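J.: The sequence isn't on hand, but the structure is:
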């Protein structure tokens, strides 16, 4: 699967990247929403994994951009801080498909990704 | 006759020299205090995780209030950048102060706004509100636009403050660029208040944004301004914010929270009467008023200040505009000082009355006047031939090197704390500019503050209002370039 | 073939990099030893004075030993010895023997003392400016070098760590040099930041790595250090890595007078003290600020910590602690504590009452209705009887929160409660607004009931009526 990971914490990026690469996925990384938007213009993905809080363009705006402006139906998995329920609800309202709270377990992440694969 | 003249000379010379030494002594003390406060703050701050505020149910509500007057060119981007600030529980209120351009229409189109019914208690008398708009789009649900009849900046801010229900209000100049976590940083001092001390206001550093690379209302790359005038203002701002205000925050004598970005306890702000109308320096006067309100009711309070670079703004690049701006500031200072002269050396107001206010009286208001009188005196002496060039140059060298030391200390503080200018060449340029700053830039500031004093003495009250409108229009013109 | 080519081509390049590195590192070593270390230890001031005295001594000694006419130096000496009773030449006098200060001084005929003072001051300021100029530049160079070096290390360790956690359990992995102090510091920082964003099996692997490399000893050493910032850092590390052995030692700092240390200790004990995470609240003598409350709550949430009954903490004499305990009860829905929270509605402190109302609002039990209404009435009476604006502000806030809490529990028989609110002429506008909103929801005959004389009594109601009619119409 080709996955776009949009996240600003370098450590988290690295951890996710290694995990996903080892499971045979193709990973593209964006460090903020703005970069993600640019990448999305050029390539198509099977899944977008995004943090909600990032510099420049946040996750919510990225989701809105994908669903409303360029009308992409790519599944979106949101990665958000614990206790941020309001924002997660907002993300779902805008069209997110699933969420995972930080701190997260990489194994759980891969299970969720597998679920997306099955759904496809 | 000659005898009399000599006595006069003796008195004048000594008075000027004593004053000079007092002022320099006070600067030295302030430098020491600011160094102490800075070290303390930096060490303390290294342990802070501001992100806890983003998810906490205990985080207080904040309302950002930004008055707008003829900002059609930039308003849409500015609102977007305000909306994307990192905080959970906040709203953005833009008060359109009867703009004569297409400001309101642009915002309506960009954010899909509709008129909504509104009702609120007008706790401060203001010009009437025409309509309130909110977005139909869920993503912008915390945006509110108030359209009102023109009544000046203070009036617009008062409307916003009356309108909101939030516990804290952040007053923002709509053309300022705020950093993402500005609200988190700004609200923290309020949360740290002890049971015995109520934090009523908090201010931040204003930085010079000229020549910085700004995209979508965000600073992408921080650069030193290319032109000389803004460069000198960089030094001046560093000195004022990192040294002056930092020290005053330690001494609890902070009198001014810049109108560009400050956060206030809404309740106290309303109780003390909000921003005063028809004066030039409404931002300074407000803090004085709030302090007075608390002190006169024997309520312990605190005004805090954080040195992090939160707010970036364009400073004048033209001499004329700079002089006008400074002349306005001077009149603002004079107004605040004399409107509340009761505080002067009044022990009831504690350090604010015993230190802060007198400092502003002597060293902010009186200093330029004394300096001017000194120059005048010197010219007379030269004409009459009583001068001693050696003494003159010795004093000049003293003043000059003192000024340079002060600037270098400010640059050092900046370097040791946030070092925003990453390029080494920028630093070098800044330090070289500091060498000519006292010669080129200071006379300009002196001139404009004298002009301000003159205008205050001769002018009528309504002058201020006219002037500000002029400035706003100017700022708009500047941006279009 | 390709591989061989690679090796050949990379060899000279590598050497070049190496050369660059050596010269750079030597320079930096020089910097760090001459500038950075003194700066860190606060001796930089001494350095200034050292520099000064050096300049001064050299100048004066050169003056003394100069083979000028002996008689000249003698006369100078003699006049000075007569000036000073102890027979020694003062530093200031020596200073004014140096050129060009002597010439400058000779131009003045009176006020010599002041002139001397001024000359010395100008000289100090002049050299200080030069010193600051150089110092800023050097400091920048050192900082840049150190930052680049640390960044390099940081990215290396970040990649290595991320790779390590993605490996299987039994695969061996070697990290770049972990013997140097700075390397260890950066490594542990990255380890902590990685651990923060992970849970489950992977987090445990990070933890075992922490112990395996002996970082627990480093951290324990830190909390015994004298500097508070090191201590606080140690608390963080130990708490993050669940080193329960340190709990007792950390617990004694929860009452420290240093704010940062205190909060870090509190957060650490919340995480480490698994039996009773909030035990320190019992003995807390200092005000618990909202900032501390937010941080403690965050620690509880992020680490999924179970909170036991807080009934006894709610009685704490420290009001901030009581407020926090009540708030937590609400947030974690501790229904067991319901009677205790209810009791707090009668507390004399309005802030405690506020937190109780908020907690009850989350419980949302129909049994709450009467007590909250009573509390509201009591607030109305208190607010009518006081002239203290600050107290009124708090009471109004309580009233608004109470109305929020009642929102879900209301029924038609509560009309009287609202009519009483409307009859109070001193009532706050926002309270009226909220009451009106709720009133028209529960009472179909609302406008009828309000028309009978109340509208004149309370002019705000008319405005509210228009507002809500317009609003409902717009919907």
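T.: Sure, I can see it. These numbers come from a predicted model, not from an experiment.
J.: sec struct for the residue nearest the centre of chain A, please.
T.: In chain A, the residue lying closest to the centroid (Cα atoms, centre = their mean) is residue A:49, at 1.3 Å. On the three-state scheme (DSSP: H, G, I helix; E, B strand; the rest coil), residue A:49 is labelled strand.
J.: next one: residue B:307
T.: strand.
J.: That one and residue B:39 touch, don't they?
T.: No. Residue B:307 lies out of contact with residue B:39 (Cβ atoms under 8 Å); the separation is 11.3 Å. Bear in mind the C-beta positions are built from the backbone N, C-alpha and C, glycine included.
J.: And these two? Which one has more around it.
T.: Legend: neighbour count by other Cβ atoms under 10 Å in any protein chain shown for residue B:307 and residue B:39, higher for residue B:307 (23 against 14).
J.: wait, what's in contact with the more buried one?
T.: B:38, B:41, B:204, B:205, B:241, B:242, B:246, B:417, B:418 (Cβ atoms under 8 Å, 6 or more residues apart in numbering or on different chains).
J.: residues contacting the last one?
T.: Shown in contact with residue B:418 (Cβ under 8 Å, 6+ apart): B:307, B:308, B:309.
J.: try it again with 7 Å
T.: residue B:309 (Cβ atoms under 7 Å, 6 or more residues apart in numbering or on different chains).
J.: what do you get for the fifth one?
T.: The contact partners of residue B:241, by Cβ under 7 Å, 6+ apart, come to B:205, B:206.
J.: so what's it scoring on pLDDT?
T.: pLDDT for residue B:241: 89.
J.: Can you tell me how far it is from residue B:207?
T.: Separation of residue B:241 from residue B:207 (Cβ to Cβ, to the nearest Å): 8 Å.
J.: can you check residue B:154 too?
T.: From residue B:154 to residue B:207 the distance is 25 Å (Cβ to Cβ).
J.: So which bits of chain B are right by chain A?
T.: B:54, B:55, B:56, B:84, B:86, B:88, B:138, B:139, B:180, B:218 (Cβ under 7 Å from any Cβ of the partner chain).
J.: Is it possible to mark the buried ones in these?
T.: B:54, B:55, B:56, B:84, B:86, B:88, B:139, B:180, B:218 (16 or more other Cβ atoms under 10 Å in any protein chain shown).
J.: Let me know the closest of the residues you listed to residue C:223.
T.: Of all these, residue C:223 sits closest to residue B:56, with 27.1 Å by Cβ to Cβ.
J.: Is it correct that that closest one is in contact with residue C:299?
T.: No. Taking contacts as Cβ atoms under 7 Å, residue B:56 lies outside contact range of residue C:299: 11.1 Å.
J.: State whether residue A:27 is indeed within a strand.
T.: Yes. Under three-state DSSP, residue A:27 sits within a strand.
J.: isn't it right up against residue A:6?
T.: No. Counting by Cβ under 7 Å, residue A:27 sits too far from residue A:6 to count as a contact (11.3 Å).
J.: Neighbour count: these two, which is higher?
T.: Neighbour count, other Cβ under 10 Å: between residue A:27 and residue A:6, residue A:6 has more, with 28 against 18.
J.: check contacts around the more buried one.
T.: The neighbours of residue A:6, taking Cβ under 7 Å, 6+ apart as the test, are A:30, A:33, A:36, A:48, A:49, A:50, A:51, A:62.
J.: what's around the fourth one, how many residues?
T.: Right, the one you point to is residue A:48. Residues lying near residue A:48 (other Cβ under 10 Å) number 26.
J.: residues in contact with it?
T.: A:4, A:6, A:74, A:76.
J.: Looking at these, which is nearest residue C:206?
T.: Nearest to residue C:206, judged by Cβ to Cβ, of those is residue A:6 at 23.8 Å.
J.: Is that closest one bridged to anything, and to what?
T.: Residue A:6 has the following beta-bridge partners by DSSP bridges: residue A:30, residue A:50.
J.: Find me the pLDDT at it, would you?
T.: Per-residue pLDDT puts residue A:6 at 92.
J.: separation between it and chain C?
T.: 15 Å (Cβ to the nearest Cβ, to the nearest Å).
J.: Just the closest of the buried ones among the residues of chain B next to chain A to chain A, please.
T.: The shortest approach to chain A among these belongs to residue B:55, at 3.7 Å (Cβ to the nearest Cβ).
J.: Grab the nearest non-local neighbour of that closest one.
T.: Nearest residue to residue B:55, sequence neighbours excluded (Cβ to Cβ, 6 or more residues apart in numbering or on different chains): residue A:83, at 3.7 Å.
J.: Could you do residue C:313 as well?
T.: That would be residue C:325: by Cβ to Cβ, 6+ apart, it lies 4.0 Å from residue C:313.
J.: got the phi/psi numbers for the one you found?
T.: Main-chain dihedrals, residue C:325, degrees, to the nearest 10: phi -60, psi -40.
J.: follow-up on the earlier one: pull out the buried residues from the contacts of residue A:48.
T.: Buried members of the contacts of residue A:48, scored by 16+ other Cβ under 10 Å, are A:4, A:6, A:74, A:76.
J.: and the residues you listed, which two are the farthest apart?
T.: Pairwise distances across the buried ones among the contacts of residue A:48 (Cβ to Cβ) peak at 12.0 Å, for the pair A:6 and A:74.
J.: The helix or strand that residue C:270 is a member of vs chain B: in contact?
T.: Residue C:270 is part of helix C:259-272 when elements are defined by DSSP states H and E. Yes. Using Cβ under 7 Å from any Cβ, helix C:259-272 reaches chain B at C:260, C:264.
J.: now swap in stretch C:276-288 and tell me
T.: Yes. Stretch C:276-288 is in contact with chain B by Cβ under 7 Å from any Cβ, via residue C:287.
J.: How about residues contacting that stretch?
T.: If you take Cβ under 7 Å, 6+ apart as the criterion, stretch C:276-288 is touched by B:194-195, C:251, C:254-255, C:266, C:269-270, C:273, C:305, C:307-308, C:310, C:313, C:316, C:318, C:320-321, C:324-325.
J.: Report the buried members of those.
T.: For those, buried by 16+ other Cβ under 10 Å: C:251, C:254, C:266, C:269-270, C:273, C:307, C:310, C:313, C:316, C:318, C:320-321, C:324-325.
J.: out of these, which one sits closest to residue C:383?
T.: Proximity to residue C:383 was ranked across the buried ones among the contacts of stretch C:276-288 by Cβ to Cβ; first place goes to residue C:320, at 23.3 Å.
J.: State the distance from the closest one to chain A.
T.: 22 Å.
J.: That residue and residue B:193 touch, don't they?
T.: No. Applying Cβ under 7 Å as the test, residue C:320 and residue B:193 come out as separate, 10.8 Å apart.
J.: ok so residue A:72 is a helix residue?
T.: No. Remark: residue A:72 does not belong to a helix; assigned using three-state DSSP, it is coil.
J.: In contact with the residue nearest to it when sequence neighbours are not counted, which residues?
T.: Distances taken as Cβ to Cβ, 6+ apart place residue A:66 nearest to residue A:72, at 4.5 Å, with adjacent residues excluded. With contact set as Cβ under 7 Å, 6+ apart, residue A:66 has these partners: A:40, A:72, A:74, A:76.
J.: per-residue pLDDT, residue A:66?
T.: 89.
J.: measure it to chain B for me?
T.: Counting by Cβ to the nearest Cβ - residue A:66 and chain B are separated by 13 Å.
J.: Determine the three-state secondary structure at that residue.
T.: Classification of residue A:66 using three-state DSSP returns helix.
J.: and stretch B:69-79, how far apart are its ends?
T.: Terminal residues of stretch B:69-79 are spaced 14 Å apart (Cα to Cα, to the nearest Å).
J.: my bad, stretch C:261-281
T.: This stretch, stretch C:261-281, spans 16 Å end to end (Cα to Cα).
J.: Which positions within it qualify as buried?
T.: C:261-273, C:277-281.
J.: Name the residues that touch stretch C:370-386?
T.: Outside stretch C:370-386, the residues that touch it by Cβ under 7 Å, 6+ apart are C:342, C:345, C:353, C:357, C:360, C:392, C:395-396, C:398-399, C:402, C:405-406, C:417, C:424, C:426.
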